[in-house]
Structures are given as C-alpha cells and as structure tokens.
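Colleague: Make a model of this:
(2 chains)
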2 protein chains.
Amino acid sequence: MRLALGHQLQAGLEASFSTPAADHRALVRAAWPMLARDEMDPVFAVMCELSGLAAAGRESYAAGALQLAQAFVEWLQPFLDGDASHRRAEAQAAVVLVDALLLARQLLGADAALGPLTSL
Amino acid sequence: MRLALGHQLQAGLEASFSTPAADHRALVRAAWPMLARDEMDPVFAVMCELSGLAAAGRESYAAGALQLAQAFVEWLQPFLDGDASHRRAEAQAAVVLVDALLLARQLLGADAALGPLTSL
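Modeller: Okay, here's the model as predicted:
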C-alpha cells in the first residue's frame, strides 16, 4: 500500500516538474500540492519519525535519514535548471525545505498557514 | 552557561534585526550569521533533539516543542513589517525555516551548502 503511494507520488511529482525549475523555491512550489494531501500524511509521518530520531541524535537512524535525503537530492537534480553545482545546491535546499514543511504539517496540522514557504 | 549563551544570542539577534524585515526570508538572512556559530551548536543540538523527538511522535515532547516554537513566533513578530496577520505568518515561516536549517547543520555539518536557503 505504502509502496503504491510512493510510486503514485513519484509519477505525480514528475508530472508537476514538466518544466525544469530555476531554483528550490520553484521546485517546492510545484511539488507542494502533491505532498500536502491527506492520503500522503501516513507516509510522511514515517519519514518524519525517521528524521526526528536522527535529529534527536539516535545514530542508527541518522545514517538512514541521510541516505534517504541524499537519494532525494540525486533524484531531484534533473528537474532543475543550470549547471551541476547549482542544481545540486538547489536540490539540497529543496529537500531541507520540504522536510521542514512536512514536519510542520505533521505537528501543526493540515491547516497550518505555511503559505509564505510554499507560494514563494 | 547555556542561559548566558541564550541571552547573548537574543541580544545579538535584536541587534541584527535593527530594521524591520519585509518577510521571513529577510529575517532568516539577517539572523543566520548569529545562529550558524560553533559555540551555539551545543544549544541547538538540544533544541533539535527536542523537536526531533516531537517529530518522531513522542507526544510528551510535542507539547514542549510546539510551546517553544510558539514563543519564538511571538518574539519575532515585532521585528517584521506589515499588518498583524502578515507578521504572524512570516514569523511562523521563519521559525519553520530556521528549525530546518539548524537541523541540516547538525546532520550535515557546519560546511553544508545551505546558501540557497540563507542568502535568499
């Protein structure tokens, strides 16, 4: 079930990224409507738990969380414009920002006013 | 020791915020040089641990993490320009973004390329 959601999300994001983004803000703006959906929340709750335990200094989770973040950074780079170092830095910024947004959504609820961060 | 650092940080931030910021990005850009310092890292490690455990669904930490974030949102509002609802939304965005940046610094190290998020 969660695997199916993951594939559906990936396909949805690829469709949202039809035009290469100039920077992390354009990328997050395009991605957020796909991410901020009730049916995705249980998936991201697991991700938030993993990165939360990593943030809390549980070493065994830190490696996994970093590996997952790194995989997302790699996956995002083709959807960005510019040279390799720009794309890498903006992909990393997008992953950091999306993590923060998903965490805020989990903690503050779906109605949290995250507009300033998602309609940049 | 940590209390002294907290007061020093607060004074430093107030000095950095001499001009009211237009939005969360201007606020974070002004604040980041005060936050991204080696001597502050142990303080923020504790904060990241607290918000990490909250993110991981440890209910007893979630209340504390939200209370702390709420206190920061209140404290930041006078340093922003605009009407009350704009200042509230931008202060909340700044706290979410700073949490993400401090967490990335803890996990990725002080050399992490966070430029796209801090020199907006």
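
Colleague: where does chain A dip in pLDDT?
Modeller: Scanning chain A for pLDDT under 70 picks out the ranges A:1-3, A:113, A:120.

Colleague: other SSEs contacting the helix or strand harbouring A:G12?
Modeller: In this assignment (DSSP states H and E), A:G12 forms part of helix A:2-16. Counting contacts by 3 or more CB pairs under 8 Å, 6 or more residues apart in numbering or on different chains; DSSP states H and E, the secondary-structure elements packed against helix A:2-16 are helix A:24-35, helix A:41-55. Yep, even glycine has a C-beta here, placed from its N, CA and C like the rest.

Colleague: which residues sit against the following helix or strand past the last one?
Modeller: Meaning helix A:41-55. The helix or strand immediately downstream of helix A:41-55 is helix A:59-76, counting by DSSP H and E. The set of residues external to helix A:59-76 that reach it, using CB atoms under 8 Å, 6 or more residues apart in numbering or on different chains, is A:27, A:47, A:50-51, A:53-54, A:88, A:91-92, A:94-95, A:99, B:107-108.

Colleague: could you dump these to CSV with neighbour count and distance to A:R37?
Modeller: As requested, the contacts of helix A:59-76 are arranged in CSV below (neighbours: other CB atoms under 10 Å in any protein chain shown; distance: CB to CB, whole Å):
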residue, neighbour count, distance to A:R37
A:L27, 26, 18
A:M47, 20, 14
A:L50, 18, 20
A:S51, 25, 20
A:L53, 22, 24
A:A54, 26, 25
A:R88, 17, 28
A:A91, 23, 22
A:Q92, 25, 24
A:A94, 27, 18
A:V95, 23, 19
A:D99, 24, 17
B:L107, 19, 27
B:L108, 16, 28
